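Trainee: Sequence below, structure please.
(chains A and B)
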There are 2 protein chains.
Amino acid sequence: MSLDQVLDRIDAGLPDALDRLMELLRIQSISTDPAFADHCVTAADWLVNDLKTIGFQADRRDTPGHPMVVGHGGDSDRHLLFYGHYDVQPVDPLDKWDHDPFAPFVEDTPNGKIIRARGASDDKGQLMTFVEACRAWKEVHGSLPAKLTIFFEGEEESGSPSLVPFMEQNRDELTADIALICDTSMVSPGVPSIASQLRGMLKDEFTLIGPKLDLHSGHYGGPGLNPLREMSRIVASFYDDETGKVTVEGFYEGVHDTPQDQLDAWEDSGFDQKAYLDNAGYTISHGEKDRSCLEQQWARPTLEVNGIWGGYNGVGSKTVIPSEVHCKITCRLVGDMDPDKLRDRVRAHVEAQLKPDMKVVWDNDLEGSPASVMDITRPEFGAAQKGLSDEWNREAVFAGMGGSIPIAGYFKSILGMESMLVGFANDDDKIHSPNEKYDLESFHKGIRSWARILAELA
Amino acid sequence: MSLDQVLDRIDAGLPDALDRLMELLRIQSISTDPAFADHCVTAADWLVNDLKTIGFQADRRDTPGHPMVVGHGGDSDRHLLFYGHYDVQPVDPLDKWDHDPFAPFVEDTPNGKIIRARGASDDKGQLMTFVEACRAWKEVHGSLPAKLTIFFEGEEESGSPSLVPFMEQNRDELTADIALICDTSMVSPGVPSIASQLRGMLKDEFTLIGPKLDLHSGHYGGPGLNPLREMSRIVASFYDDETGKVTVEGFYEGVHDTPQDQLDAWEDSGFDQKAYLDNAGYTISHGEKDRSCLEQQWARPTLEVNGIWGGYNGVGSKTVIPSEVHCKITCRLVGDMDPDKLRDRVRAHVEAQLKPDMKVVWDNDLEGSPASVMDITRPEFGAAQKGLSDEWNREAVFAGMGGSIPIAGYFKSILGMESMLVGFANDDDKIHSPNEKYDLESFHKGIRSWARILAELA
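Mentor: Residues are numbered from 1 along each chain as shown, chains lettered A, B, ... in the order given. Take a look at the predicted model:
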């Protein structure tokens, strides 16, 4: 059996694969900080060279920001694109790390071996699972398992400013049958997970202005309209506290009820609600009264306030009625919710609450993206489910995702291409935080998983 | 008529009085910044020396903070204490000043001559009106008009930490028939004003805590309780938006209705409601629906939010559900409202709103003081009303004060002494702001006013 040969090859080659990942992890490819721009180029070059060793025709493709890496290889009727990102989050606060974030090492823990480094899980370790699967396949078969396009980005952690123009300029080159993305986590440890839907995102920010200058609360307290009080009233008015629903008119337009069998499957997916709540210090599920944690997280829209600030915040007291107060919000979108329409609705809600002598100013620089629902009837999803279930000895689950992964939306809207997201991260990987790690099991079984999926698809 | 001689003496001596004030204004007696501690001592010494030239037995009295100045002079059955403060507010932002804050000068303006300097109005110019009146009286009569105790503080702008201990340690020395205080403004330009009541103050601050760490809104948005949303709900719950009243149970206990004739007199006091609203950029009076601006400002309690902060406030967006959110509040108290009881009530209101998984932490370092209502039937008030009306050719008014002047409360609670507040500042004096000024008319007629009041009392 040739798959067995590939899997054996992966097992035997794991130390070398780990060495290669360590090399990549040593490169300080922080994309938000211009001081690390050269390191991003180094990481792109490293990937180009590595892809070439597996027979890919690969290039660094420069952009106004950090470079893309594009590689092509294999020949088949089936054309797969694989996406990952080589850039990593900043490392501050550095003093919270127990070690140098860019000096990777393997650590023995009671839960098994882990790879410690910035980017180990997000996303260098994950993207290398696919690359290493291709390498083992090539070594056993002498060729790649399908027509493959590799697409690595270096700006995922800094808003992907070059992504959409690059995709628009290289539409034909980047369009495949489907995009495979390895940048997500498993529902719970050991439960292989395929994303069936991703929430969209709407960002907005507003400033409420009351008096034309900061006032003294002894002089104007009472007759003076206080924007802190008005901001509180407006934010509170977003919610129906009885039901936990958002009150913005039309907010739920485009939201579809999740079928009961899907809900049942989710509840059976290994998600540990108690651990989820414990991790945050909650004893109960909040939010919508009649929905489970999982349904709320994966299949329901939200309007969350991410910041409010105004007035005095120093030591002691200042008797001020501030002129203005600020608020940042993000909505998570599901189903067919339209971000542009929703933005108008949220703004109309706020504006309808304004009293005389109040003004609102909106930040018009914040974007929105719709939700993605995957077509899990496609053969790639069946192949992934079989490959993952075989590898992990556990039925792979189709899981929702609470987060928003804009790349899947762009593949759809710009290239007309569906995405399939399979990832091996765990919730305790501390991505974006100090002491990031990736389980060695995730890396090893991740490589094996891709080999199995590719075998199913080949 | 000896009063006329005193008034003539004041007019003739105005240039010299102004020179003395300029000297005092040159001293950078900022009390909040330890770097200026020596300047505070210099100001205290300057005042001690100046009081000595008028025949006061005066001393600098050191404290753990900035020194007090105490002077005694005159001999009569009537014993008056005069209070003022020689310390001034910090000058930042310095770039908003059109000149050096400590290089005082007289400027001609379309509204008359003004004295420009930090402290010109608050409170050096005001306290010197009384000192100069005493000087002129002494020069004409050879003696002071009553038994006088002068009490100057150097920490009024920094919370008066030494005041209460000093008063307690010098109880007998500081207790007079009544305290005269010159640290307030006129209801409107040219309208001499005597405070008939001062609002009290309650300060409080609380932190609402939800999850035990900052959460990702993609992962926890929905089922996770967001303290920003809960803070908004709680702050909004303080108010009945229909009536403008505060909903905290028992909030209005101890509040007495203002008699209609008092309300009528206030409305007739020259207060310009339109100018008051214009100055803040308001077109209407907010707050309690059935109360005028003046009644709300002078005779009604308030609960104002002075600061809210929590979550992300940088550029762009951060999908965070913060662990905690902070809120600062101050209440203005009237009538017999008890600050300690009120604090308990406000806290009980907040605590009654808490949902499961929320905690509130209170700042226990913030103080409260009750309102003061002056006994305007005392002879000193009649004397002041007559003296002021004569000087300003306009009936002096008994005015409420929106602000809180704790010293009057301390005189009452520690020394059992009533206070009478007469001040000549105007609302456009920019106290606590760049380009502070004091009208030369306020200074000149202020001195003459005190001479007339002292003549009435002598």
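
Trainee: Return the residues in contact with the residue nearest to residue A:404 when sequence neighbours are not counted.
Mentor: Using C-beta to C-beta, 6 or more residues apart in numbering or on different chains and skipping residues adjacent in sequence, the residue nearest residue A:404 is residue A:201, 3.9 Å away. Every C-beta, even on glycine, is put in place using the N, C-alpha and C of the backbone. Contact analysis of residue A:201 by C-beta atoms under 8 Å, 6 or more residues apart in numbering or on different chains lists A:330-333, A:339, A:368-369, A:404, A:406, B:319.

Trainee: quick one: average pLDDT of the longest helix along chain A?
Mentor: Secondary structure of chain A per DSSP state H: the longest helix is helix A:2-25. Averaged across helix A:2-25, the pLDDT comes to 97.

Trainee: For the stretch 101-250 of chain A, which segments count as helices?
Mentor: A:124-141, A:163-169, A:171-174, A:217-220, A:227-236 (DSSP state H, counting those that start in this stretch).

Trainee: Flag every buried residue along the third one.
Mentor: Applying a neighbour-count criterion of 16 or more other C-beta atoms under 10 Å in any protein chain shown, one finds residue A:174 buried in helix A:171-174.

Trainee: any idea how far that helix is from the chain center?
Mentor: Averaging C-alpha positions (C-alpha atoms, centre = their mean, to the nearest Å) puts helix A:171-174 23 Å from its chain's average.

Trainee: Give me the neighbour count for residue A:453.
Mentor: 27 (other C-beta atoms under 10 Å in any protein chain shown).

Trainee: Determine the number of other residues adjacent to the residue nearest to it when sequence neighbours are not counted.
Mentor: Spatial nearest neighbour of residue A:453, excluding adjacent residues (C-beta to C-beta, 6+ apart): residue A:387 at 3.8 Å. With neighbours defined by other C-beta under 10 Å, the count for residue A:387 comes to 24.

Trainee: re the thing from before, would JSON lines of the contacts of residue A:201 with neighbour count, secondary structure and pLDDT be doable?
Mentor: JSON lines is the format used below for those (neighbours: other C-beta atoms under 10 Å in any protein chain shown; DSSP: H, G, I helix; E, B strand; the rest coil; pLDDT from 0 to 100):
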{"residue": "A:330", "neighbour count": "24", "secondary structure": "strand", "pLDDT": "94"}
{"residue": "A:331", "neighbour count": "27", "secondary structure": "strand", "pLDDT": "96"}
{"residue": "A:332", "neighbour count": "27", "secondary structure": "strand", "pLDDT": "95"}
{"residue": "A:333", "neighbour count": "24", "secondary structure": "strand", "pLDDT": "95"}
{"residue": "A:339", "neighbour count": "19", "secondary structure": "helix", "pLDDT": "94"}
{"residue": "A:368", "neighbour count": "21", "secondary structure": "strand", "pLDDT": "87"}
{"residue": "A:369", "neighbour count": "21", "secondary structure": "strand", "pLDDT": "86"}
{"residue": "A:404", "neighbour count": "25", "secondary structure": "coil", "pLDDT": "80"}
{"residue": "A:406", "neighbour count": "21", "secondary structure": "helix", "pLDDT": "85"}
{"residue": "B:319", "neighbour count": "21", "secondary structure": "coil", "pLDDT": "84"}
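
Trainee: And the residues you listed, which is closest to residue A:194?
Mentor: residue A:404 (17.5 Å; C-beta to C-beta).

Trainee: Find the centremost residue of chain A, please.
Mentor: Residue closest to the mean C-alpha point of chain A, counted by C-alpha atoms, centre = their mean, is residue A:405 at 4.5 Å.

Trainee: Disregarding residues adjacent in the polypeptide, which is nearest to it?
Mentor: In space, and not counting its chain neighbours, residue A:405 is closest to residue A:198: 5.3 Å by C-beta to C-beta, 6+ apart.

Trainee: Pick out the residue of the stretch 351-458 of chain A closest to chain B.
Mentor: residue A:403 (3.2 Å; C-beta to the nearest C-beta).

Trainee: re the thing from before, these two touch, right, the residue nearest to residue A:453 and residue A:446?
Mentor: No - here residue A:387 lies out of contact with residue A:446, judged by C-beta atoms under 8 Å, at a distance of 11.4 Å.

Trainee: picking up where we left off before, over to the residue nearest to residue A:453: give its phi and psi.
Mentor: phi -60, psi -50 (degrees, to the nearest 10).

Trainee: Show the pLDDT at it.
Mentor: 97.

Trainee: Against residue A:78, how distant is it?
Mentor: 15 Å (C-beta to C-beta, to the nearest Å).

Trainee: Next one, pLDDT for the residue sitting furthest away from the middle of chain A please.
Mentor: Residue farthest from the centre of chain A, counting by C-alpha atoms, centre = their mean, is residue A:219 at 49.5 Å. Per-residue confidence (pLDDT) for residue A:219: 87.

Trainee: Skipping adjacent residues, who's closest to it in space?
Mentor: Closest to residue A:219 by C-beta to C-beta, 6+ apart is residue B:402, at 5.1 Å.

Trainee: how close does that neighbour sit to residue A:319?
Mentor: In terms of C-beta to C-beta, residue B:402 sits 10 Å off from residue A:319.

Trainee: Next, show the common contact partners of these two.
Mentor: A:218, A:221.

Trainee: Nearest residue to residue A:133 in space, please, no chain neighbours.
Mentor: residue A:450 (3.6 Å).

Trainee: Next up, the contacts around the one you found.
Mentor: Counted by C-beta under 8 Å, 6+ apart, residue A:450 has contacts A:129-130, A:133-134, A:182, A:387.

Trainee: Farthest pair within those residues?
Mentor: A:134 and A:387 (14.5 Å).

Trainee: Please identify which residue in the stretch 1-150 of chain A comes closest to chain B.
Mentor: Counting by C-beta to the nearest C-beta, the stretch 1-150 of chain A gets nearest chain B through residue A:32, at 10.8 Å.

Trainee: just checking, that residue touches residue A:154?
Mentor: No - contact criterion C-beta under 8 Å: residue A:32 and residue A:154 do not qualify, at 11.2 Å.
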